[in-house]
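Visitor: Take this sequence and fold it.
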Amino acid sequence: MNAIPIINLVNQPCHSQFDPEDWEILSQHWYPVARVQDLSTQPQQVILLDVKMAIYQTESGQILLVRDLCPHRGVPLSKGWVEGEELVCPYHGLHFNAAGKCTKIPAQPEMSTFSDRFSLTSFPVVVRYGLVWTSIQSRQQQQANFPDLDTWTHADHQAILPPPVDIAGSSGRQLEGFIDVAHFAWVHHQSFADRDNQIVPRYTSQRTSYGLHSEYDSSVSNYPHGLQHLAPEGFIWRRVFDVYPPFSAILTVHFPRQGILKILNACCPVSYNQTRLFVPLTRNFDTTGDLQAVYDFNAQIFAEDQDIIESQKPEELPLDLMMEAHFEADRSSTLYRRLLAEMGLSRKYTV
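Guide: Numbers count the residues shown, from 1 in each chain. Predicted coordinates:
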């Protein structure tokens with residue numbers, strides 16, 4: 001984790017549609033904002049909970065994340081560039097070091113010390129699963145509820161990180177859709193499921209120290225339609241969901257011949273109804289197979305989900321369980337809603 005000596009906590013942006021109390025709660029948690037492989041010395045803008053940030057690497061490779069705002073005249077620093085270990089503002093050429101301190105004002109070269117008012121607002125950086133994670137308000141990564149994708153560095157498992165998916169929908173709706181097992185036959189019938197296999201057997205879902213754990217056994221194959229013949233006749237597929245509120249979950253799928261696929265569904269709540277979804281995954285089978293096929297299958301599944309998520313009303317996830325009807329197969333999603341409500345998120349979060 002990079003040292004963050006300058007901590008100027010950020011307030012909720014004035015244009016944000018989040019309820020202020022809900023934004024305050026969500027801003028205490030950690031979220032992924034970028035893939036490490038997409039970073040360079042060219043700053044780029046990322047957005048978390050309506051807060052615009054500039055993310056970049058110095059020439060030594062250090063990853064830094066700052067508010068995308070020069071304290072001098074409010075120009076986005078993502079329009080600037082890196083010189084050595086310093087970020088340069090494109091408007092007046094102010095230089096900022098890795099600690100966020102101003103080190104140079106070209107218009108006044110005689111200056112050697114600078115007021116703290118010229119300092120950048122910096123955010124903490126944690127790299128996990130090929131992703132950069134941060135928090136707007138928290139600086140205590142030890143207390144963060146990071147998902148545990150334990151196979152990411154395992155020698156027998158291949159780690160894969162597809163491109164992110166941008167969804168015009170809320171992170172709560174997206175996460176709930178990911179753990180919903182009753183929609184397979186209807187939403188994913190063109191990718192892996194079957195509308196003639198629509199019954200959801202009873203399954204277990206329970207609270208844990210990190211969130212919730214569900215185990216679901218069924219005959220719904222996880223192979224793409226073109227590879228369904230690889231599943232032994234009568235094989236029962238076990239899907240295990242581990243949810244890390246507010247907006248991350250891991251799906252473990254048990255394949256034939258001791259195959260294990262793990263998919264991390266990690267949401268970055270860009271805005272009230274905008275989500276950037278990151279999906280690191282691992283597998284211990286077909287580890288030399290075509291990665292593009294993995295990307296394509298992953299994109300197809302999430303595109304099928306995206307069409308539904310972007311059309312749901314209300315846009316936010318209703319935490320008042322009386323606002324929508326529920327049936328037995330919804331046990332994971334109703335528990336997830338309870339957990340979000342217990343975090344303190346209000347009914348206003350759903351409006």
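Visitor: mind checking how far the residue of the chain most remote from its centre is from Phe118?
Guide: Distance from the C-alpha centroid of the chain peaks at Glu110, with 45.0 Å (CA atoms, centre = their mean). Going from Glu110 to Phe118 by CB to CB, to the nearest Å gives 16 Å. Heads up, the C-betas are built off the backbone N, CA and C, glycines and all.
Visitor: Can I take it that the residue farthest from the centre of the chain is in a helix?
Guide: No: assigned with DSSP: H, G, I helix; E, B strand; the rest coil, Glu110 falls outside any helix and is coil.
Visitor: Report the contact partners of it.
Guide: By CB atoms under 8 Å, 6 or more residues apart in numbering, no residues touch Glu110.
Visitor: list the helices and strands the top helix by length along the chain packs on?
Guide: Across the chain, the longest stretch assigned as helix under DSSP state H is helix 291-309. Judged by 3 or more CB pairs under 8 Å, 6 or more residues apart in numbering; DSSP states H and E, helix 291-309 is in contact with strand 165-167, helix 171-179, helix 184-187.
Visitor: just for the stretch 201-350 of the chain, where's the confidence low?
Guide: Applying pLDDT under 70 to the stretch 201-350 of the chain flags the ranges 347-350.
Visitor: how does the chain divide into domains?
Guide: 20-143, 158-343 (the TED database).
Visitor: Rebuild the ones you listed as CSV, extending it with distance to Asn11.
Guide: Formatted as CSV, the domains of the chain follow (distance: least, CB to CB, whole Å):
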stretch, distance to Asn11
domain 20-143, 9
domain 158-343, 16
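Visitor: Go through the helices and strands packed on helix 291-309 and pick out the most buried.
Guide: Counting by mean count of other CB atoms under 10 Å, helix 171-179 has the highest mean neighbour count of these, with a mean of 25.
Visitor: neighbouring contacts of it?
Guide: Taking CB under 8 Å, 6+ apart as the rule, helix 171-179 contacts 167, 183, 214, 241, 243, 246-249, 251, 265, 267-269, 275, 277, 305, 308-309, 312, 315-317, 332-333, 336-337, 340, 349.
Visitor: and with 6 Å instead?
Guide: For helix 171-179, contacts defined as CB atoms under 6 Å, 6 or more residues apart in numbering pick out 167, 241, 247, 249, 265, 267, 269, 275, 305, 309, 312, 317, 332-333, 336.
Visitor: Tell me what angle it forms with helix 291-309.
Guide: Going by axes from the mean of the first three to the mean of the last three CA atoms, to 10 degrees, helix 171-179 is angled at 120 degrees with respect to helix 291-309.
Visitor: how close does Pro164 sit to Leu49?
Guide: Taken as CB to CB, the span from Pro164 to Leu49 is 17 Å.
Visitor: Pick out whichever of these two has more residues nearby.
Guide: Between Pro164 and Leu49, Leu49 has the larger neighbour count (other CB atoms under 10 Å), namely 24 against 19.
Visitor: wait, what's in contact with the more buried one?
Guide: With CB under 6 Å, 6+ apart, Leu49 has these contacts: 26-27, 269.
Visitor: so can I have a markdown table of those residues showing secondary structure and neighbour count?
Guide: Shown next, in a markdown table, are these (DSSP: H, G, I helix; E, B strand; the rest coil; neighbours: other CB atoms under 10 Å):
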| residue | secondary structure | neighbour count |
| --- | --- | --- |
| Leu26 | helix | 25 |
| Ser27 | coil | 21 |
| Pro269 | strand | 26 |
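Visitor: Let me see the ranges of the helices in the stretch 1-150 of the chain.
Guide: Counting by DSSP state H, counting those that start in this stretch, the segments of the stretch 1-150 of the chain that form helices are 20-26.
Visitor: hmm, back to that, tell me the one of the contacts of Leu49 nearest Gln12?
Guide: Taking CB to CB as the measure, Ser27 is the one of the contacts of Leu49 closest to Gln12, at 7.6 Å.
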